[in-house]
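Trainee: Quick one: sequence and predicted model below, then my questions.
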Amino acid sequence: MADTPPEVSVIIGAYEAMPYLVKCLDSVASQTLGPDCIEIIAVDDGSTDGTGRYLDEFAARTKVPMRVVHQANSGGAGGPRNTGLAMARGRYVFFLDADDHLGAEALDRMVAMADAAGTDVVLGKVVGVNRNAAKSMWGKTVERADIYTSNIKFTLSAQKLFRRELLVRHGMRFDETLRTGEDALFTMEAYLRADARGSGVSVVADYPCYYLVGRDDGKHLTKSGGYELRFDSARALMRLIAEHEPPGVRRDQLMIRPFTVTLLPQFGPVVLRQTEDDLRRKMELAAPLMAAYWTPGLARALKVEERLRLTCAALGRAELLREVLAFGKDGGVPRVVRRRGRRCLAYPGFGDRRAGVPYSAYEVTLTEQIDGRRVEPRAPLTRRAAGRLRRALRGLSSG
């Protein structure tokens, strides 16, 4: 192997990946960045479907330098990624799932962006194939994305370009004790460390870099496991954010992600199909997280129905939570009510002292669509006063 390190080490953790692995590997070999600039490190994580054999065959014929590791099944994606990361030599690393594939210019464009902007993490546009993919963060290509106010915090999968020096400097590895969400923890840490040292994060949105493939057999690790694993993931991510950000607006902006993406679905329609014991257990798991990290600022960043569900979970109001969910399932439309100068949505429990839920849980703090019409938060007094002044001035000028 040449002494000159490659530009990119493509790390592929593979478990029972046939036949998807064929297109995955072909997409790396056909990158416009060129085989001399890439190395492939493929880790067969105890497959029994011919995945390991195909990796060996491909390595024997490809022009891209490739190393294959065969190991016993680790039980998650973090293990093979860590194995590959320890072997990587490239200036950058890219974690590619064996089910998925790259656009032909993906690595070329992402490396060019990282070099031009000096950033440590580059997000390449993700397109879903036979499954949905997040869309909100691909509005435009940006050299420096704000990790707090932009939507990049909602894409924490590992399929990104990382500057290897950043990972080595901080000894970053995937947490193998997590069975889900280990990629979110790793990626969020990379975002935070890149932001802290001023290098930042870039977004390549004008080219489909990554094709996220939905398997016909439905075997996706992120869909497996019970709800306790989701709380483990949420707990780890919240703790990481708190370690890097002191209490305040910026922490709240990042905490939106674990609260809405990981915690909130645990108190969604699935509750109506679960046992009382399961719901009580989930509330027990949620309570310390809500006590430690839930703030008024974070609460106001959510829509009423979302905020109300999490408030019910935090307060242990199981019956009210079921009522709120049943109300939505049955197509219920909450009335818009003015209460103490605030606009509120009268979901179940509103105004009922026995429910023990504060009015603030029902307050409209974001623009909402209710029965086809927009419901805006109450305008602050200063804006209302300014409006009166403008109208008065128009009246004087026309008089």
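Mentor: Yep, it's here.

Trainee: which residues sit in contact with Gly79?
Mentor: Going by C-beta atoms under 8 Å, 6 or more residues apart in numbering, Gly79 touches 13, 45, 71, 174, 176. C-betas here are computed from N, CA, C, even on glycine.

Trainee: Let's see if you can find the most crowded of those residues.
Mentor: Most neighbours among the contacts of Gly79, by other C-beta atoms under 10 Å: Gly13, with 29 neighbours.

Trainee: what about the nearest residue to that one once chain neighbours are set aside, which SS state?
Mentor: In space, and not counting its chain neighbours, Gly13 is closest to Pro80: 3.2 Å by C-beta to C-beta, 6 or more residues apart in numbering. Look at Pro80: counting by DSSP: H, G, I helix; E, B strand; the rest coil, its state is helix.

Trainee: how about low-confidence regions in the stretch 1-150 of the chain?
Mentor: 1-2 (pLDDT under 70).

Trainee: where do the helices sit along it?
Mentor: 20-29, 51-61, 78-87, 106-117 (DSSP state H, counting those that start in this stretch).

Trainee: right, so of those helices, which gets closest to Leu240?
Mentor: Each of those was scored for nearness to Leu240 using C-beta to C-beta, and the closest is helix 78-87 (14.8 Å).

Trainee: can I have that closest one written out in PDB, keeping just the CAs?
Mentor: Output in PDB follows, covering the C-alpha atoms of helix 78-87 (Å, rounded to 0.1, in the frame of the first residue of the first chain):
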ATOM      1  CA  GLY A  78     -21.200   1.000  16.500                       C
ATOM      2  CA  GLY A  79     -18.800  -2.000  16.800                       C
ATOM      3  CA  PRO A  80     -17.900  -2.400  13.100                       C
ATOM      4  CA  ARG A  81     -17.700   1.400  12.700                       C
ATOM      5  CA  ASN A  82     -15.200   1.500  15.600                       C
ATOM      6  CA  THR A  83     -13.200  -1.300  14.000                       C
ATOM      7  CA  GLY A  84     -13.000   0.600  10.700                       C
ATOM      8  CA  LEU A  85     -12.300   3.900  12.400                       C
ATOM      9  CA  ALA A  86      -9.300   2.500  14.200                       C
ATOM     10  CA  MET A  87      -7.800   1.300  10.800                       C
END
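
Trainee: How much space separates the residue lying closest to Gly76 once chain neighbours are set aside from Glu189?
Mentor: Nearest non-adjacent residue to Gly76, counting by C-beta to C-beta, 6+ apart: Arg179, 5.3 Å away. In this view, Arg179 and Glu189 are 18 Å apart by C-beta to C-beta, to the nearest Å.

Trainee: Counting neighbours, what do you get for the residue lying closest to Val261 once chain neighbours are set aside?
Mentor: Spatial nearest neighbour of Val261, chain neighbours left out: Phe154 (6.7 Å); criterion: C-beta to C-beta, 6+ apart. Applying other C-beta under 10 Å, we find 13 residues neighbouring Phe154.

Trainee: so who does Gly351 touch?
Mentor: For Gly351, the contacting residues are Arg339, by C-beta under 8 Å, 6+ apart.

Trainee: Remind me which helix or strand the residue nearest to Asp371 when sequence neighbours are not counted belongs to.
Mentor: Distances taken as C-beta to C-beta, 6+ apart place Val333 nearest to Asp371, at 4.5 Å, with adjacent residues excluded. Using DSSP states H and E, Val333 sits in no helix or strand.

Trainee: count of residues packed around Val333?
Mentor: Counted with other C-beta under 10 Å, residues neighbouring Val333 total 12.

Trainee: Kindly report the same for the one 10 residues further on.
Mentor: By other C-beta under 10 Å, 18 other residues sit near Arg343.

Trainee: separation between it and Leu33?
Mentor: 53 Å.

Trainee: Likewise for Arg179?
Mentor: Distance of Arg179 to Leu33, given as C-beta to C-beta: 33 Å.

Trainee: Which parts of the stretch 201-350 of the chain are helices?
Mentor: Under DSSP H, counting those that start in this stretch, the stretch 201-350 of the chain gives helices at 227-244, 249-257, 276-293, 296-300, 304-315, 318-329.

Trainee: State the mean pLDDT of the shortest one.
Mentor: Confidence over helix 296-300 (mean pLDDT, whole number) is 95.

Trainee: Which elements pack onto it?
Mentor: helix 249-257 (3 or more C-beta pairs under 8 Å, 6 or more residues apart in numbering; DSSP states H and E).

Trainee: List the buried residues of the helix it packs on.
Mentor: 250-257 (16 or more other C-beta atoms under 10 Å).
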